[in-house]
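J.: model the following, please.
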Amino acid sequence: MPIVRRVFALLLGVVLAAVAAGVFTSCGGDGGEADLLAAGEYDFSVSGSLELEFPAATTSAPPMGAGQTQDTEISGDVTLKMNDDGSIEFKRFGIEATVHEDGGSADLNLSDSPTEGSTGKTGKDGTQADIYWQADLKNREERSATNGDTIGGSSPDPPRTRHKDIEIEVDSRPVPFADAAGKTIFIVNRGKIILTREAGPQAQPTTPAPQPTATPTPTPAPTPAAGA
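T.: Down below sits the predicted model:
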């Protein structure tokens, strides 16, 4: 009889271990949703490269692919606002780059577009992004441009607590940046945007944590007077 009990206990332990492993996997131990970043704002550094195309200076509206292309390294930062429904907002872009134009170099700054916000969607299957920037180009003159069409991109990686990098592959289609008069300043053809989550505590969550409710102290009943 003791042998039967020991065999039963061993089999029960194996079954319980298998069940626990299945629960761990389904809850995020191997790519589930349990380790996705909670709702709140998180700071990321930005790196990567963009293939930019600059039209010829003598052509006011050149066809796509008519100018010189260059791979441009980018660096900077951005804040991701994670919402409860899996949607994300890209806020406070601050990206810098150096480009070559007309035989010289120019400073390129990319910030939030004043006309369209950058948004996306994330979940256990990855991340989708729709990015809109304002581009400020400075060399002999200063020019500003925005993209009317979205810079779309995707990544198989969602923002997780255990992964710090999200590599977004920019769709391989030309997206022009034009000034207020409609003149194309440059075109983004393709690229890769790498978001690296900054170390340290996250920013304040968008939903305040519930505060404990104080339990009122009961008021003692008055002591009846003697002889009452």
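
J.: who does residue 48 bridge with?
T.: residue 74, residue 193 (DSSP bridges).

J.: what's the pLDDT at it?
T.: On the pLDDT scale, residue 48 is placed at 98.

J.: I figured it was touching residue 196, is that so?
T.: No: counting by CB atoms under 8 Å, residue 48 stays clear of residue 196, with 10.1 Å between them. To be clear about C-beta, it is placed using only N, CA and C from the backbone, and glycine gets the same treatment.

J.: okay, these two: which has more neighbours?
T.: residue 48 (18 against 15; other CB atoms under 10 Å).

J.: the more buried one and residue 83, how far apart?
T.: Distance of residue 48 to residue 83, computed by CB to CB, to the nearest Å: 24 Å.

J.: quick check: beta-bridge partners of residue 130?
T.: Where residue 130 sits in a bridge, its partners, by DSSP bridges, are residue 119, residue 152.

J.: err, residue 188, not the other one
T.: Judged by DSSP bridges, the bridge partners of residue 188 are residue 52, residue 175.

J.: let me see the contact set for it.
T.: By CB atoms under 8 Å, 6 or more residues apart in numbering, the contact set of residue 188 is 50-53, 147, 151, 170, 174-175, 177.

J.: over to residue 132?
T.: Listed by CB under 8 Å, 6+ apart, the contact set of residue 132 reads 112-113, 115-118, 146-147, 150-151.

J.: now it: phi and psi?
T.: phi -130, psi 130 (degrees, to the nearest 10).

J.: neighbours around residue 102, how many?
T.: A count of neighbours around residue 102, defined by other CB under 10 Å, yields 11.

J.: over to residue 162?
T.: Residue 162 has 6 nearby residues by other CB under 10 Å.

J.: and the gap between it and residue 49?
T.: In terms of CB to CB, residue 162 sits 26 Å off from residue 49.

J.: before we move on, what about residue 172?
T.: With CB to CB as the criterion, residue 172 and residue 49 are 14 Å apart.

J.: more neighbours: which of the two?
T.: Neighbour tally, residue 172 and residue 49, criterion other CB under 10 Å: the higher count belongs to residue 49, 17 against 9.

J.: contact partners for the more buried one?
T.: 71-74, 191-192.

J.: now the two most distant members of these.
T.: 72 and 192 (11.6 Å; CB to CB).

J.: quick one on the thing from earlier: which of the contacts of residue 132 sits closest to residue 90?
T.: Closest to residue 90, out of all of these and judged by CB to CB, is residue 118, at 3.7 Å.

J.: where do the strands sit along this structure?
T.: 40-54, 68-82, 87-101, 104-112, 118-123, 126-131, 133-138, 142-147, 151-155, 165-170, 175-178, 184-197 (DSSP state E).
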